[in-house]
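In: return a 3D structure for these sequence lines:
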Amino acid sequence: MRAAELRTPDRMSLLPPEAPSGLASWVVRHRRWIVLAWMVMLAVLAPAAARIDQVLDAGARVEGSESAAVDEMLRTRFASPFARYAVLVVSSVPGVVSDSDAIVLRGIVDAVRAVPGVTGTLSWLDARDPLFASGDGRGTFVIVGVDPAAGSADAMVPRLRASTATALERIRPLHPE
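Out: Numbering: from 1, shown residues only. Purely as a prediction, here's the structure:
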């Protein structure tokens, strides 16, 4: 016999064709360690993930860019309360075409203005512009200026929602329509 014929077959040829090989077999053999490693990573990273909205700014703002310079000028040179802003959509309220309909909007705007970090509001009450009225007459919007020192506009959303919910609880019994 020749030497090539005397060689024993390699390990893989002895296994059935459906047996795992390579990386897959390593993962199967060490699955408990892999699960443990994922659990450790979850325990280590979960506290940081809970604060991610405070660390990252969801706005498309690049420090040192021209838009950042414009924001700074609006805030400092022109004292604009709307250098940073959020848009508050008010739906399912009476239309804002008359003064009597504007009572609900006035309550909401007053509640929003009282929120710490709000630098100003702009709504139909200020401009009486039909741009602020929705097509179906059952909604409007309010532009809310946000103080950058109070956090991002995204960070203001929970406070704005809480203030508008409280205002609507007070207004609804008086104006149920």
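In: show me where the chain has helices.
Out: In the chain, the helices defined using DSSP state H lie at 3-6, 11-14, 22-29, 31-50, 52-55, 66-76, 102-113, 124-127, 153-171.
In: among those, which is nearest Arg84?
Out: Checking the helices of the chain against Arg84 by Cβ to Cβ gives helix 153-171 as the closest, at 5.9 Å. The way it works is simple: take the backbone N, C-alpha and C, and place the C-beta from them, glycine included.
In: buried ones in the closest one?
Out: 153, 155-156, 159-160, 163-164, 167-168, 171 (16 or more other Cβ atoms under 10 Å).
In: do stretch 130-148 as well
Out: Within stretch 130-148, the residues that qualify as buried are 132-133, 139-147, counting by 16+ other Cβ under 10 Å.
In: gap between it and the chain center?
Out: In terms of Cα atoms, centre = their mean, to the nearest Å, the centre of stretch 130-148 is found 20 Å from the chain centre.
In: what residues does it touch?
Out: 75, 80-97, 105, 108-109, 112, 117-124, 152-153, 156, 160 (Cβ atoms under 8 Å, 6 or more residues apart in numbering).
In: what's the end-to-end length of that stretch?
Out: Taking Cα to Cα, to the nearest Å, the first and last residues of stretch 130-148 lie 30 Å apart.
In: stretch 127-140 now?
Out: Stretch 127-140: ends 13 Å apart by Cα to Cα.
In: also stretch 142-158?
Out: First residue to last in stretch 142-158 (Cα to Cα) measures 16 Å.
In: and what of stretch 27-36?
Out: 13 Å.
In: starting at the chain centroid, how far to it?
Out: Using Cα atoms, centre = their mean, the offset of stretch 27-36 from its chain centre is 36 Å.
In: same question, stretch 63-83
Out: For stretch 63-83, the distance to the chain centre is 23 Å (Cα atoms, centre = their mean).
In: give me the pLDDT for the one residue sitting closest to the centre of the chain.
Out: The chain has Asp154 as the residue nearest its centroid, 6.0 Å off, counting by Cα atoms, centre = their mean. At Asp154, the model reports a pLDDT of 74.
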